[in-house]
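Colleague: Below are the sequence and a predicted model; questions follow.
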Amino acid sequence: MTGEGPATGTGEFALIDKVFKPLAAETPAALGLTDDAAVLAPAPGRELVLTKDAMVAGVHFLETDAPGDIARKLLRVNLSDLAAMGARPIGYLLATFWPEKLALDWIMEFADGLRLDQAEFGIGLLGGDTVRTPGPLSLSLTAIGDVPAGGALRRNAAREGDLIVVSGRIGDAALGLLSLTGELAGLPDAERDYLRGRYHLPVPRLALGAALVGKVRAAIDISDGLIADIGHIAEESKLGALLDWEKVPLSAAARAALARDTALIEPILTGGDDYELAFTLPPGDAGLLEALAGAGGVPLTVIGEMTAGDGVRVRRPDGTEIPLKARGWQHF
């Protein structure tokens, strides 16, 4: 692990020794962070799966967010990508771009968040880089996992008539962000805290992803929004998709918020940050869902089907289509 420490009076190697080496202590492939790279051998009969996500202050998280929550979300959104491919996590690489005046205590709290989730998900740090920047706090993490050879779940294998299934509940994180930014007020404390918690700490559906290998056709995690991510499956599979609004699973908090303001239907469908899994399977295999839900430890709900054509449509119970101004999160 190489680079420059932030301007806290802590030198580069002292920062690595104090903050990052403990995160690599249980990961032999990291070589104690004493060399320029890790050495990792895939297990026989398995293939490596690699993914990278970056987060920038003011874009992907609020500058007022707790350092530990930022660290855990950074790790979890990458683990969610592994889950979407059916992979089990092995370890991760971390690049940090610390503002020059960032306090060492902030970095220590950040590392504590990583330590918590390393223990929860059974992984460790493999290496990375740390540098100073005059710009906003920026973070990049590469997660590494593995799957049985040839078993990685893809977006491009859906077929016309496939059922579209999602895990968990949809829209909580988007509503949580609206609450944090003051755009959704008047929530009871319990509902507010629940929705904000879903935004700060998504749950990567790793057990479910592993259970889907060899049983479903296409899969994706819901990061950009339900409509956008089902759209990715549709586009890569050269199909369309039809979703039934009344079947989209909502939490009690989301239902209560929606009852007060029906315009919240749009952020629920397009806001993103859910990090649930969406997948397709043949109608004849619907009987698998109960076992898959049990293996994944999360409810599964059929919300629509893949169709001929293109694009994603959402219909009301009366059959009319719900118009949506946005389709989901876009960086550019």
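Modeller: All right, it came through fine.
Colleague: In contact with residue 84, which residues?
Modeller: By Cβ atoms under 8 Å, 6 or more residues apart in numbering, residue 84 lies in contact with 153, 209, 219, 220, 221, 277. No exception for glycine: its C-beta is placed from N, CA and C like everyone else's.
Colleague: Now the last one: phi and psi?
Modeller: Listed backbone geometry of residue 277 is phi -100, psi 140, with angles given as degrees, to the nearest 10.
Colleague: What of the fourth one?
Modeller: Residue 220 adopts backbone torsions of phi -160, psi 160, taken as degrees, to the nearest 10.
Colleague: still on that earlier bit, for the contacts of residue 84, which one is nearest residue 141?
Modeller: residue 221 (15.1 Å; Cβ to Cβ).
Colleague: How many residues are close by that closest one?
Modeller: A count of nearby residues for residue 221, using other Cβ atoms under 10 Å, gives 25.
Colleague: mind listing what it touches?
Modeller: 80, 81, 83, 84, 204, 205, 229, 275, 276, 277, 278 are the contacts of residue 221 under Cβ under 8 Å, 6+ apart.
Colleague: Tabulate the contacts of residue 84 (TSV), appending pLDDT and distance to residue 304.
Modeller: Below are the contacts of residue 84 laid out as TSV (pLDDT from 0 to 100; distance: Cβ to Cβ, whole Å):
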residue	pLDDT	distance to residue 304
153	98	19
209	98	21
219	98	15
220	98	14
221	98	17
277	98	15
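Colleague: could the residues you listed go into TSV alongside distance to residue 35?
Modeller: TSV is the format used below for the contacts of residue 84 (distance: Cβ to Cβ, whole Å):
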residue	distance to residue 35
153	33
209	32
219	36
220	36
221	33
277	36
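Colleague: now those residues: which count as buried?
Modeller: 153, 209, 219, 220, 221, 277 (16 or more other Cβ atoms under 10 Å).
Colleague: Isn't the fourth one up against residue 155?
Modeller: Which is residue 220. Yes. The criterion here is Cβ atoms under 8 Å, and residue 220 meets it with residue 155 at 5.4 Å.
Colleague: what's the overlap in contacts for the two?
Modeller: Both residue 220 and residue 155 are contacted by 232, 233, under the criterion Cβ under 8 Å, 6+ apart.
Colleague: Between the contacts of residue 221, which sits nearest residue 130?
Modeller: For those, the nearest to residue 130 is residue 81 (22.8 Å; Cβ to Cβ).
Colleague: For the closest one, which non-adjacent residue is closest in space?
Modeller: residue 51 (3.9 Å; Cβ to Cβ, 6 or more residues apart in numbering).
Colleague: Equivalent analysis for residue 192, please.
Modeller: residue 179 (5.4 Å).
Colleague: what comes into contact with the helix or strand hosting the one you found?
Modeller: Using DSSP states H and E, residue 179 sits within helix 172-180. With contacts defined as Cβ under 8 Å, 6+ apart, helix 172-180 is touched by 62, 184-185, 187, 192, 194-200, 202, 225, 251, 253-254, 257, 264, 267-268, 270-275.
Colleague: Strands - which of these land there?
Modeller: Residues of those located in strands (DSSP state E): none.
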